[in-house]
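> For reference, the sequence and a predicted model appear below.
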Amino acid sequence: MSGRWVLGGGRRAIVLAGLLAGAVALGGCSTDAPGGAATSSSAATTTSSSASGPASSSAASPTTASGTAGATSAAPPTGTAGSSSQSTSGGASSAGTGGSGQLSGKTGSVDDLTLTADQVAAVKAKGGDVTVGILAPLSSEYLANVVDGAKQEAAALGLKTSVVDYQFDAAKGVAGIENLVSQGVKYMVVVLTDPPAMIGAVKAAEAQGVTVVQFAGDQVAKEAGGYSVAINDKDLGTSAGEAAAAIAKGRGAVQIAILDYPSQPNVVIRADAMVAAIKAGAPEAKIVARVTGGTQDAGLTASESLLQKYPDLGGVVSVNDAGGYGAVQAFEGAQKTGANAFVVGCDAESKARSLIAQGGIFKASVDTQPGLTGKAAVEAIGKLIAGGSVAQYTTVPVKTVTS
């Protein structure tokens, strides 16, 4: 992830590179040619596309959050899907703002969102008249990849899109939501980088008949009656912990540290799951510390301090890839190699994948599947347009990358 992420509640900016998804802070997404909204220092950037296929231009270059020096890629941890374990069985509920197609309070899988041939035909019959608003900062690899996945699925269903890049500025995000509503947009896919500051605009939009699907979080579902399509942080942490345990199991009583981000409750869930999986899979390993990471700089500083206190430290498991990059630097500075040190991250950013392929200290990362997330969010909208039912919470699966 590269870019600035304003964390919800505390409004603390961090360089995106791994918290949201490694490069939620991520770069590398294309956007359509501008479609109406002017770009200025006080306005978000809006791009529009028709179902026939938009022209592309490169996304905005990453920016660095104030107060964080030199991190090349950082990003807040990916948001969670609903914690409910309820199945999608049962009739549709008209409760909340989700409409008659919402399975209120239910949790489903991305497979549940696959449209039937008849539903695809129904969406395409209306698609030319339907615009999906997509609201997200684009200077992040993870977020940009989610947006790409959403745009591709919208094009496949014959839906138009209007993408608003609010550049990690909550005020621009609120204005973007309001502008989409004023344009008559009735379906939105959004990420809330500052939920307390932005949820009011979502509620106002829904009060005017807009259906809102959130990714990388679930506040829209919990607080505004909308929908969530997101990874589950317990699943993410468990996968990272299992990968670390598989490495540690062959190294005896190896000392391991966790790079956490304790100001974010969902990330704490992720880190807790890492600890539990390591203890279950490598009982001889010793978790010696749990400290704050989240950015490359923070990961470097924390890991250097840990190595001073624990010179035999042999492993670091990070809640995102960005913190893991800093841990790799610290290990290399201490003259350690992949033979006596390892790092496991979360997000499976392109940089992390490259490091893993090199066979060095960075051994594994957990893919949060941003492209699938964007696709699923638009599939949910398509299903609703076609008159189908959609669980209020959809969990996106994660997968471990080791080569």
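It's in. Numbers count the residues shown, from 1 in each chain.
> and stretch 212-222, average pLDDT?
Across stretch 212-222, the average pLDDT comes to 95.
> is it true that residue 306 lies in a helix?
Yes - checked against DSSP: H, G, I helix; E, B strand; the rest coil, residue 306 lies within a helix.
> which residues sit in contact with the nearest residue to it once chain neighbours are set aside?
Nearest-residue entry for residue 306: residue 257, 5.1 Å, with adjacent residues in sequence omitted and distances by C-beta to C-beta, 6 or more residues apart in numbering. Where C-beta positions appear, they are placed from N, C-alpha and C, glycine not excepted. Residue 257 makes contact with 287-291, 302-303, 306, 310, 313, 315-317, according to C-beta atoms under 8 Å, 6 or more residues apart in numbering.
> can you do 6 Å?
288, 289, 306, 316 (C-beta atoms under 6 Å, 6 or more residues apart in numbering).
> Who is the second one paired with across the strands?
Using DSSP bridges, the beta-bridge partners of residue 289 come out as residue 257.
> Kindly report the same for the last one.
When bridges are assigned using DSSP bridges, the partners listed for residue 316 are residue 257, residue 343.
> could you list every residue that touches it?
Contacts of residue 316 (C-beta under 6 Å, 6+ apart): 257, 303, 327, 343.
> so the second one sits right up against residue 330, yeah?
Yes - between residue 303 and residue 330 there is a contact at 3.4 Å, judged by C-beta atoms under 6 Å.
> quick one: which of the two has more around it?
The neighbour count for residue 303 versus residue 330, taken as other C-beta atoms under 10 Å, is higher for residue 303 (30 against 24).
> just checking, what packs against the helix or strand hosting that one?
When secondary structure is defined by DSSP states H and E, residue 303 falls within helix 296-309. Secondary-structure packing of helix 296-309 (3 or more C-beta pairs under 6 Å, 6 or more residues apart in numbering; DSSP states H and E): strand 313-318, helix 321-333.
> Which one of those lies nearest to residue 190?
Proximity to residue 190, assessed across the helices and strands packed on helix 296-309 by C-beta to C-beta, is greatest for helix 321-333 (23.1 Å).
> Export only the CA atoms of that closest one, formatted as CSV.
Extracted in CSV, the C-alpha atoms of helix 321-333 (Å, rounded to 0.1, in the frame of the first residue of the first chain):
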residue,chain,number,x,y,z
ASP,A,321,3.1,-6.3,4.6
ALA,A,322,4.4,-2.8,5.3
GLY,A,323,5.5,-3.5,8.8
GLY,A,324,7.1,-6.7,7.6
TYR,A,325,9.3,-4.8,5.1
GLY,A,326,10.7,-2.8,8.1
ALA,A,327,11.3,-6.1,9.9
VAL,A,328,13.3,-7.5,7.0
GLN,A,329,15.4,-4.4,7.0
ALA,A,330,16.1,-4.8,10.7
PHE,A,331,17.0,-8.5,10.3
GLU,A,332,19.3,-7.7,7.4
GLY,A,333,20.9,-4.9,9.5
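> Just the buried residues of that helix, please?
321, 322, 323, 324, 325, 326, 327, 328, 329, 330, 331 (16 or more other C-beta atoms under 10 Å).
> quick one: that helix to helix 296-309, angle?
40 degrees (axes from the mean of the first three to the mean of the last three C-alpha atoms, to 10 degrees).
> so helix 321-333 versus strand 313-318, what angle?
Going by the same axes, to 10 degrees, helix 321-333 makes 160 degrees with strand 313-318.
> where's helix 321-333 relative to the chain centroid, distance-wise?
21 Å (C-alpha atoms, centre = their mean, to the nearest Å).
> Quick one: mean pLDDT over that helix.
pLDDT averaged over helix 321-333 gives 97.
> Equivalent analysis for stretch 118-135, please.
Mean predicted lDDT for stretch 118-135 stands at 93.
> re the thing from before, if I look at the residue nearest to residue 306, how far off is residue 128?
According to C-beta to C-beta, to the nearest Å, residue 257 stands 54 Å off from residue 128.
> same question, residue 320
40 Å.
> swap in residue 227?
Residue 227 is 24 Å from residue 128, by C-beta to C-beta.
> of the two, who's got more company?
Using other C-beta under 10 Å, the more surrounded residue of residue 227 and residue 128 is residue 227, with 30 against 13.
> pretty sure that one is touching residue 213, no?
Yes - using C-beta under 6 Å, residue 227 is in contact with residue 213, at 4.4 Å.
> who touches both of the two?
residue 380.
> Show the subsequent helix or strand relative to the lowest-mean-pLDDT helix or strand in the chain.
Each helix and strand of the chain was given a mean pLDDT (mean pLDDT, DSSP states H and E); the minimum falls on strand 30-32 at a mean of 26. Remark: after strand 30-32, the chain's next helix or strand is strand 45-49, criterion DSSP H and E.
> what's around residue 399, how many residues?
11.
> and it, what does it touch?
Applying C-beta under 6 Å, 6+ apart, we find residue 399 in contact with residue 367.
> quick one, phi/psi of it?
phi -150, psi 150 (degrees, to the nearest 10).
> same thing with residue 220?
Dihedral angles of residue 220 (phi, psi; degrees, to the nearest 10) stand at phi -60, psi -40.
> Could you check how many residues crowd around it?
If we define neighbours as other C-beta under 10 Å, then residue 220 has 29 of them.
> That one reaches residue 229, doesn't it?
No - here residue 220 does not reach residue 229: they are 10.1 Å apart, not a contact under C-beta under 6 Å.
> sec struct for residue 143, please.
helix.
> Could you check stretch 268-285 and say which residues are buried?
268-275, 277-278, 281-282, 285.
> What angle do helix 321-333 and whichever helix or strand residue 150 is part of make with each other?
Residue 150 is located in helix 141-156, with elements delineated by DSSP H and E. Computed by the same axes, to 10 degrees, the angle separating helix 141-156 from helix 321-333 equals 140 degrees.
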